[in-house]
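In: Give the three-dimensional model of this entry:
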Amino acid sequence: MSLSGINNMKLSSQFAAVCLFAALAAAPLAAPAADAKKAAKPYPLKTCVVSDEKLGEMGPPHVITHEGQEIKFCCKSCVKDFDKDPKKFLKKVADAGKPGKK
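Out: Sure, this is the predicted structure:
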């Protein structure tokens, strides 16, 4: 085998090692994001938590996950209001999720 062939083999094996290392290093980073979506509590209301508008009347709801709770809004502008006082709106969602309430 020629010297250039040996160098190409070394480069190929080094490249494969770097790719394998990168894939293994990135795998744990992707798992928590997937787990967070699976772990989110479902949104219990049929209305926007901010405006009380029926979801879907202004187009598809805007959905976020906040502290493990799925939150749905009638529009993106309601997210800004939510961000000003999330505790107020999270209480509303939590109360709606209690048994016997909807």
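In: Can you give me the domain boundaries for this protein?
Out: 1-39, 40-97 (automatic domain parsing).
In: and those domains, which one is worst for confidence?
Out: Among those, domain 1-39 has the lowest mean pLDDT, at a mean of 59.
In: Looks like residue 41 contacts residue 68 (just checking).
Out: Yes. Under the criterion of CB atoms under 8 Å, residue 41 makes contact with residue 68 at 6.2 Å. Bear in mind the C-beta positions are built from the backbone N, C-alpha and C, glycine included.
In: Pick out whichever of the two has more residues nearby.
Out: residue 41 (14 against 9; other CB atoms under 10 Å).
In: and that one, backbone torsions?
Out: Main-chain dihedrals, residue 41, degrees, to the nearest 10: phi -70, psi 140.
In: Quick check: bridge partners of it?
Out: For residue 41, the beta-bridge partners are residue 69 (DSSP bridges).
In: From residue 56, how far out is it?
Out: From residue 41 over to residue 56 the distance is 20 Å, taken as CB to CB, to the nearest Å.
In: Okay, strands next: where are they in the chain?
Out: Here the chain has its strands, by DSSP state E, at 62-66, 69-73.
In: And the first one, what's buried?
Out: Within strand 62-66, the residues that qualify as buried are residue 62, counting by 16 or more other CB atoms under 10 Å.
In: and if you look at the last one?
Out: Along strand 69-73, the positions that meet the burial threshold by neighbour count (16+ other CB under 10 Å) are 69, 71, 72, 73.
In: Please name every helix or strand in contact with that strand.
Out: strand 62-66, helix 77-84, helix 86-97 (3 or more CB pairs under 8 Å, 6 or more residues apart in numbering; DSSP states H and E).
In: Switch these over to a markdown table; also include distance to residue 52.
Out: Output for those, formatted as a markdown table (distance: least, CB to CB, whole Å):
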| stretch | distance to residue 52 |
| --- | --- |
| strand 62-66 | 15 |
| helix 77-84 | 10 |
| helix 86-97 | 9 |
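In: Can you say which of the ones you listed is nearest to residue 50?
Out: helix 77-84 (4.0 Å; CB to CB).
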